[in-house]
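Enquirer: Make a model of this:
(2 chains)
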2 protein chains.
Amino acid sequence: MEVDLDSFSARDWEEPTDADPIRFAMVGLGWWTREQAIPAVEDADYCTTTALVSSSTEKAEDVAADMDGIEATLTYDEWADGAATDAYDAVYICTPNGLHRGNVEAAAEHDKAVLCEKPLEATVEDARATVDACREADVPLMVAYRLQTEPAARRARELIQDGAIGDVVSIVGHMSDNILDAVGEDSWRFDPDLAGGTTLNDIGIYPTNTIRFILEEDPQAVYARAESEQPAYEGTDEHGAFQLEFSDGKLASCTVSHSATVTSSLRFVGTEGELTIEGLFFPNTRKVLRVSGPGIEGEYRPEPVDQMREEFDYFANYLQRGLDPEPDGEHSMVDMHTIEALYESAESGRRVELDL
Amino acid sequence: MEVDLDSFSARDWEEPTDADPIRFAMVGLGWWTREQAIPAVEDADYCTTTALVSSSTEKAEDVAADMDGIEATLTYDEWADGAATDAYDAVYICTPNGLHRGNVEAAAEHDKAVLCEKPLEATVEDARATVDACREADVPLMVAYRLQTEPAARRARELIQDGAIGDVVSIVGHMSDNILDAVGEDSWRFDPDLAGGTTLNDIGIYPTNTIRFILEEDPQAVYARAESEQPAYEGTDEHGAFQLEFSDGKLASCTVSHSATVTSSLRFVGTEGELTIEGLFFPNTRKVLRVSGPGIEGEYRPEPVDQMREEFDYFANYLQRGLDPEPDGEHSMVDMHTIEALYESAESGRRVELDL
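Expert: Predicted coordinates for the structure are as follows:
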């Protein structure tokens, strides 16, 4: 076994430089930015927050009042028009999904590197335009799949690619939370046009993208079922279950819910062993990785990392080193097509093949 | 919490009587009968093996040579013709699925109680005729779902019915083994006519029936995907994944494989907590039940019971007490219809509604 599990959470992507920290403009000051992104960057090694962009100057100033080092507090319009572009190097975009395109296009116009929340947009078409805008402006675009810098997912990927459980045969995943408690029923997450879908989209993307990352391949076909029970979820999807088909007969089965206890897990079963991760998809929870196979048998409970800090530091350190951070826009397009296919399948009750 | 977990593996169904042990004829002496059923009955409290029925007298005598108390060694034909009916009270039928009907009908004709392996038959039509034969002859028919007397499944059912995790929202299950290693590629399990299906049927029935047992309800619709990779599986299903839809938007997602490491697990996620069982579906393995909810947080690792012994003793003790053992034939018909729908769905790529 070549995988080094002694330094479980070591930053295998990191290479410190003498460069100045990357200065971020936070675009969109909802609960996720305030409670997760801003604290993560305050703790980060390679970046800092210097600009805040929101629907009103007041809201931006309110948030700035509790922070050090803010050089600009802007409305979306002021920011899009190019105000204070000297005050920041990169943008973190955390607005409703359906507004990502316009904001990324503005950032590209200002020649700023972009870290954009997932999913990239509400529709495949807008996501495509978003990726193209960054390519044409030659600005780096990374989509904020924080699992790809989560040590438990990275070690799982190394173990599986190293053959620790033989050939993967089955994958089962689950993710659930209670989004009504977190954001209330007026949230854009319940507006199909702004969100592009609620549960299969908003949290289905976690097992989907993480399975892709760990297997290092993309799904070939899907099936999905969506259910709505509570009135707040009328016209959208509250609970879901879906299958993803990968090469050589590998099948993934996942369940997701926005109205259940906060929990998540991912299991890979192979011809010679099994690997499971409990608590994987949430940002600051204890992860438990269990693996059994011919050359390994163990349970790992590393100290939790702040997934958002790892993600921001990775992005910033890569920019400092002049490298293109990943996962990039083209990678995220596969999830956009997959999620579109999940909803098509849930609507039709049929398996949908992906032609990626 | 009303559930008593201190006596985790206590036989909540048991009531000792002064009655003589139930004397079993073992019909079909394949590896499962020899390695699992006969040793279980040798250890049992309420039953004993007194007759052996196989394809030849020699084979039956070979098996009898290592046992005490065998009064009759019969061919299938001799047994069906009514030889030695005084030597046994009940039959355990463990032949290829597609031969169950003829054997159960013979047992019913001899007025013997029947414990028949699952699935009840290879087709819905033959299963229906099998159930009807027992009803008309007024003999008890129990289908050998050994999970229904497995303490971990019974405690999970009590906890969930008692509300330990709130309302169930998602269920994820997995079961895999390597059947080629266990039975070789000449086994009837690879003959669709005798088996009625290989993986979705032979092991898909474990999560399907156990979820039904624990939720105390039946699926309303299904979807399935089957895959075959190895030559031995040509024309049948080696790996599978399926969804079961239950009331109120509850969705179950399962993966199964007959060509992977031996492992199994079942997870219930509710509005207020989560319950998982590792190792559930195999007869003598360590089970680990983990539950977390508002009134309970714990991990239980009971001493493994012999699932086959529990099943035989339950069946025998119920017969001694003049009670009808469950799960009965009508219960098993729901699985027959469900599995038929799984294969229909795997063939068509479409969701299939069940009209049970």
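
Enquirer: lowest-confidence helix or strand of chain A?
Expert: Using mean pLDDT, DSSP states H and E, helix A:179-183 stands out as the lowest-scoring helix or strand of chain A, at a mean of 86.

Enquirer: how about that helix as PDB, C-alpha atoms only?
Expert: Output in PDB follows, covering the C-alpha atoms of helix A:179-183 (Å, rounded to 0.1, in the frame of the first residue of the first chain):
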ATOM      1  CA  ILE A 179     -32.700  23.400   4.900                       C
ATOM      2  CA  LEU A 180     -36.000  24.900   6.100                       C
ATOM      3  CA  ASP A 181     -34.400  25.300   9.600                       C
ATOM      4  CA  ALA A 182     -31.200  26.800   8.100                       C
ATOM      5  CA  VAL A 183     -32.600  29.300   5.500                       C
END
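
Enquirer: buried set for it?
Expert: A:Ile179, A:Leu180, A:Val183 (16 or more other CB atoms under 10 Å in any protein chain shown). Every residue, glycine included, has its C-beta placed from N, CA and C.

Enquirer: Could you do stretch A:142-161 as well?
Expert: So for stretch A:142-161, counting by 16+ other CB under 10 Å, buried means A:142-160.

Enquirer: And for stretch A:334-348?
Expert: Those would be A:Val334, A:Asp335, A:Met336, A:His337, A:Thr338, A:Ile339, A:Glu340, A:Ala341, A:Leu342, A:Tyr343, A:Ser345, A:Ala346, for stretch A:334-348 by 16+ other CB under 10 Å.

Enquirer: of those residues, list those near chain B.
Expert: Among the buried residues of stretch A:334-348, no residue sits close to chain B (CB under 8 Å from any CB of the partner chain).

Enquirer: pLDDT, distance to A:His100 and secondary structure added to the residues you listed, as CSV?
Expert: Shown next, in CSV, are the buried residues of stretch A:334-348 (pLDDT from 0 to 100; distance: CB to CB, whole Å; DSSP: H, G, I helix; E, B strand; the rest coil):
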residue, pLDDT, distance to A:His100, secondary structure
A:Val334, 98, 17, helix
A:Asp335, 98, 13, helix
A:Met336, 98, 11, helix
A:His337, 98, 16, helix
A:Thr338, 98, 17, helix
A:Ile339, 98, 14, helix
A:Glu340, 98, 16, helix
A:Ala341, 98, 20, helix
A:Leu342, 98, 19, helix
A:Tyr343, 98, 18, helix
A:Ser345, 98, 24, helix
A:Ala346, 98, 23, helix
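
Enquirer: Can you tell me which of those is nearest B:Pro119?
Expert: A:Ser345 (28.6 Å; CB to CB).

Enquirer: In contact with the closest one, which residues?
Expert: Applying CB atoms under 8 Å, 6 or more residues apart in numbering or on different chains, one finds that A:Ser345 lies in contact with A:Val222, A:Tyr223, A:Ala224, A:Phe242, A:Arg351, A:Val352.

Enquirer: Got the phi and psi for the last one?
Expert: Pointing back at A:Val352 there. Phi and psi for A:Val352, reported as degrees, to the nearest 10, are phi -120, psi 120.

Enquirer: With the third one instead?
Expert: In this entry, A:Ala224 is assigned phi and psi values of phi -150, psi 150 (degrees, to the nearest 10).

Enquirer: from memory it sits against A:Glu340, does it?
Expert: No: counting by CB atoms under 8 Å, A:Ala224 stays clear of A:Glu340, with 10.8 Å between them.

Enquirer: quick one: A:Leu180 from A:Pro96, how far?
Expert: The span separating A:Leu180 from A:Pro96 equals 17 Å under the rule CB to CB, to the nearest Å.

Enquirer: repeat for A:Ile179
Expert: Separation of A:Ile179 from A:Pro96 (CB to CB): 14 Å.

Enquirer: Equivalent analysis for A:Val114, please.
Expert: Counting by CB to CB - A:Val114 and A:Pro96 are separated by 16 Å.

Enquirer: So for these two, which residue has more residues nearby?
Expert: A:Val114 (29 against 18; other CB atoms under 10 Å in any protein chain shown).

Enquirer: In contact with A:Val139, which residues?
Expert: Contacts of A:Val139 (CB under 8 Å, 6+ apart): A:Ala107, A:Ala108, A:Asp111, A:Lys112, A:Ala113, A:Val114.

Enquirer: ranges for the helices of chain A?
Expert: A:31-32, A:38-42, A:57-64, A:76-80, A:100-109, A:124-137, A:151-161, A:179-183, A:192-195, A:199-202, A:205-215, A:307-320, A:329-348 (DSSP state H).

Enquirer: I'd like the average pLDDT over the shortest one.
Expert: Along helix A:31-32, the predicted local confidence has a mean pLDDT of 92.

Enquirer: again, but for the second one
Expert: Rounded to a whole number, the mean pLDDT of helix A:38-42 is 98.

Enquirer: mind checking which of the helices of chain A is nearest B:Leu266?
Expert: Smallest distance to B:Leu266 across the helices of chain A (CB to CB): 18.0 Å, for helix A:205-215.

Enquirer: these two touch, right, A:Ser259 and A:Glu185?
Expert: No: contact status for A:Ser259 versus A:Glu185: not in contact, 11.5 Å apart, counting by CB under 8 Å.

Enquirer: Quick check: the residue of the stretch 51-200 of chain A nearest chain B.
Expert: Residue nearest to chain B within the stretch 51-200 of chain A (CB to the nearest CB): A:Ser170, separated by 3.7 Å.

Enquirer: How about the contacts made by the residue nearest to that residue when sequence neighbours are not counted?
Expert: Leaving aside its sequence neighbours, A:Ser170 sits nearest to B:Thr255 (CB to CB, 6 or more residues apart in numbering or on different chains; 3.7 Å). Applying CB under 8 Å, 6+ apart, we find B:Thr255 in contact with A:170-172, A:251-253, A:269, B:173-174, B:176, B:239-241.

Enquirer: cool, A:Arg301 as well?
Expert: So A:Arg301 contacts A:Arg286, A:Lys287, A:Val288, A:Leu289 (CB under 8 Å, 6+ apart).

Enquirer: a markdown table please, covering these and showing pLDDT, distance to chain B and neighbour count.
Expert: Formatted as a markdown table, the contacts of A:Arg301 follow (pLDDT from 0 to 100; distance: CB to the nearest CB, whole Å; neighbours: other CB atoms under 10 Å in any protein chain shown):
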| residue | pLDDT | distance to chain B | neighbour count |
| --- | --- | --- | --- |
| A:Arg286 | 94 | 13 | 12 |
| A:Lys287 | 96 | 15 | 26 |
| A:Val288 | 97 | 11 | 16 |
| A:Leu289 | 97 | 15 | 24 |
